[in-house]
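**Student:** For reference, the sequence and a predicted model appear below.
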Amino acid sequence: MLARLRSYGEVLEVYHNSKLDLLRGFRVRPVSRTLWPPSAVGVDLMIRAIVAQLNALERRPDLVHAETSPMGYAALSYSRESGVPYILDLHGIWSAEHLGRVEATSKTTNQDRVPALRFLERLERDAARHANRLIVVSETMKSHAVVNWGVPASKVRVIPNGGFQSPRRARFSATPRLVYGGILAYWEKWHDFVEMSRYWDVAGSELLMLGGGPDIRILRRRLKVLRPRNLRYLGMRSRDETLELFLGSQIGVAPSSDDLTRRVAWPIKVMEYMSSGLPVIVPMVGDWGRMVKEHDAGVVTAHSDPREFCEAAKTLCEVDEWTRASKNAFDTIQSDFLWEHVLEPLDDVYL
C-alpha cells in the first residue's frame, strides 16, 4: 500500500498513532496501532499532536491519506484549519472493536462504557462523513457507512485486502500442520485454535501458532493450564519468517467472532494463507467467509468452533481434497486478489 501511495506524489509522511509514541515524542514510523483504552483525553492528545505535525510541515500537502478512525479525525481537524482535503481508509470500525472488547473482558459496566462508545461512534461518523473519499475493505462496511453514518454511496470505494505472488507453494501431508498466524485479540477468537488441540487426534500432526497482541498474557495462562503436546506457540515472528512457516504448513485456520467488527473486516492472514497455497478453514462471517466458500478455497464452517474446525481439517487430510482446495486458494489470489490488482481502483481515487 505504501509503495502504491508513493507513486502518486513526491513525498509521503507516515505517522504512528500509539499513545506510547506520543509520550516518547511522537516519532515518524510506517505503522499504525489502535490507541487503547480509548478516552476523550487520550484521543484529543493524539489528534492535537498529529495536527501540530501536519501544520509544521515545510510544504503544505495536496492531500492527506488517513488510515484508521482516529487518524481520520485528525485529518478532519487539520482539514478544517487548512482546507486540505483528506481520504479516509478504514480496515475496521474502532467503536465496534471497543464494544466487543469490553463485552469480551467484562471489566466495565454498561454505564461505564456508554460515554466512551458514543464518543468513538461520533468521531468515526464525523471523520467518514467529511472525508472527500472513503476507502473500505468490504461491501458490508460500505453498507454500514452509508446506512449508519450517512456517507453518500458515491464517495465510498471498496478495496479488499490482497495477496502476493509466491514463487513457492505449500505441499500436501497426510499428517498436516495446522497454522494460526494473527493478532491475539478477542475478534480473532484465537482460543478456538488453542482448544482444537484438545480434539485434534491425527497422530504426527501438529498445530502451530504465532502472533501477538493484547491477549498474549491470557494465551500464556491458557497454555499453562492445557499443556498441549500437539500445539506450539512461537510468539511474534518477522513477516519473512511467518511466510516461511505458512509455506511449511498445510492448512490455515482463521477463527473469528461473529459481530460487527468481523462482519465488516477482510482478514489479511486469510489472503496470505491462500497466497501460500494453503486451504483455509474459516467460519461463515462477512464477505471474506463468502469469498472462501464461493471459490471453494477450503472449508467454511457454520460457526467458529474448535470441534467443527477439527472435523473440517480431517477432510483436508485426503490428498485429492487438499490438492483441489490448495489450487483453488492459490489461483484465487493470482487471478483476482493480487495487491497490484486490488489497488488499481486507487487510480480513480487519487487521479
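**Tutor:** Looks like it came in fine.
**Student:** what residue ranges in the stretch 1-150 of the chain are flagged as low confidence?
**Tutor:** Applying pLDDT under 70 to the stretch 1-150 of the chain flags residues 1-41, 105-114.
**Student:** Can you list the residue ranges for helices in it?
**Tutor:** 2-6, 19-24, 40-55, 69-82, 94-105, 110-130, 139-149 (DSSP state H, counting those that start in this stretch).
**Student:** Mean neighbour count and distance to residue 160 added to the ones you listed, as JSON lines?
**Tutor:** Bear in mind the C-beta positions are built from the backbone N, C-alpha and C, glycine included. Formatted as JSON lines, the helices of the stretch 1-150 of the chain follow (neighbours: other CB atoms under 10 Å; distance: least, CB to CB, whole Å):
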{"stretch": "helix 2-6", "mean neighbour count": "12", "distance to residue 160": "14"}
{"stretch": "helix 19-24", "mean neighbour count": "14", "distance to residue 160": "29"}
{"stretch": "helix 40-55", "mean neighbour count": "16", "distance to residue 160": "27"}
{"stretch": "helix 69-82", "mean neighbour count": "22", "distance to residue 160": "19"}
{"stretch": "helix 94-105", "mean neighbour count": "19", "distance to residue 160": "18"}
{"stretch": "helix 110-130", "mean neighbour count": "17", "distance to residue 160": "18"}
{"stretch": "helix 139-149", "mean neighbour count": "18", "distance to residue 160": "9"}
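**Student:** Would you mind putting those helices into TSV with distance to residue 258 alongside?
**Tutor:** Converted to TSV, the helices of the stretch 1-150 of the chain look like this (distance: least, CB to CB, whole Å):
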stretch	distance to residue 258
helix 2-6	32
helix 19-24	30
helix 40-55	28
helix 69-82	22
helix 94-105	11
helix 110-130	20
helix 139-149	12
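**Student:** Got the domain ranges for this protein?
**Tutor:** As assigned by automatic domain parsing, the chain contains the domains 2-158, 177-337.
**Student:** if we can go back for a sec, which one of the helices of the stretch 1-150 of the chain lies closest to residue 290?
**Tutor:** Closest approach to residue 290 among these (CB to CB): helix 139-149, 9.7 Å.
**Student:** Show me what that closest one is packed against.
**Tutor:** Helix 139-149 is packed against helix 110-130, strand 133-136, strand 156-158, helix 286-294, with contacts defined by 3 or more CB pairs under 8 Å, 6 or more residues apart in numbering; DSSP states H and E.
**Student:** For the second one, name the packing helices and strands.
**Tutor:** Read it as strand 133-136. Using 3+ CB pairs under 8 Å, 6+ apart, strand 133-136 sits against strand 86-90, helix 139-149, strand 156-158.
**Student:** Is it possible to get a markdown table of these that adds distance to residue 218?
**Tutor:** Listed next are the helices and strands packed on strand 133-136 as a markdown table, based on distance: least, CB to CB, whole Å:
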| stretch | distance to residue 218 |
| --- | --- |
| strand 86-90 | 27 |
| helix 139-149 | 28 |
| strand 156-158 | 34 |
